[in-house]
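[1] Sequence and predicted structure, then a few things I'm wondering about:
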Amino acid sequence: MTPEGFHIERVKIAAPGRVQRRRAAVALILTGLASLPIFHAVAQHARDDGAERAAYWSVSGHPCQLLAPERFASVSTPPQVTAYDGTIYQRHGGAMTCTHRVETIGGASVRYPVCKFTSPDYLAVVADGRQTFYDLTMGRAASVAVVNGQVRCGVSAKFAM
């Protein structure tokens, strides 16, 4: 018996497990959508960092000025000698740091050493049995790459280590 004017209607209520799964799915989708800008920013930062690193280690700028072997040998103090990945670097002054780069050259992936020098006066590089001498006086910094036995030296912007 229901009072006059009242009507009882049956409403189907979803099972509690089903509601919880639906809410969890909606929350997961919203969380995923909200995190997309963060993932994009992280990926962009990684791309920018990679491009910055590639620019830092590139051998660009003016080619290093060649030096006569006699002038290198005439310096009264012995050079600092560093062997790195089969290449010997001899320098009078400055500091150095090295890494490896990988590039596609002629359709093949090539891994090669690159070294940066902070203002050595003179630099000698021995690669594949050939010795090349460079004059970097006047505080010039340099980047040197040895790709397939060929030495490339470029005057680079000054940098701090």
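    On my side now, so go ahead. Values in this document were obtained by computation on a predicted structure and should not be read as measured data.
[2] Show me where the protein has its strands.
    65-66, 80-84, 87-92, 95-105, 108-118, 122-127, 130-135, 141-147, 150-156 (DSSP state E).
[3] how far does the fifth one sit from the chain's center?
    I take that to be strand 108-118. 12 Å (CA atoms, centre = their mean, to the nearest Å).
[4] again, but for the fourth one
    Taking the mean of its C-alpha atoms, strand 95-105 sits 10 Å from the chain's own mean (CA atoms, centre = their mean).
[5] what lines up beside it in the sheet?
    strand 108-118 (antiparallel) (DSSP bridges).
[6] Show me what counts as buried in the strand it pairs with.
    Within strand 108-118, the residues scored as buried using 16 or more other CB atoms under 10 Å are Y112, P113, V114, C115, K116, F117, T118. Yep, even glycine has a C-beta here, placed from its N, CA and C like the rest.
[7] Same list, those, but as TSV with distance to P79 please.
    Listed next are the buried residues of strand 108-118 as TSV, based on distance: CB to CB, whole Å:
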residue	distance to P79
Y112	23
P113	18
V114	20
C115	14
K116	17
F117	12
T118	15
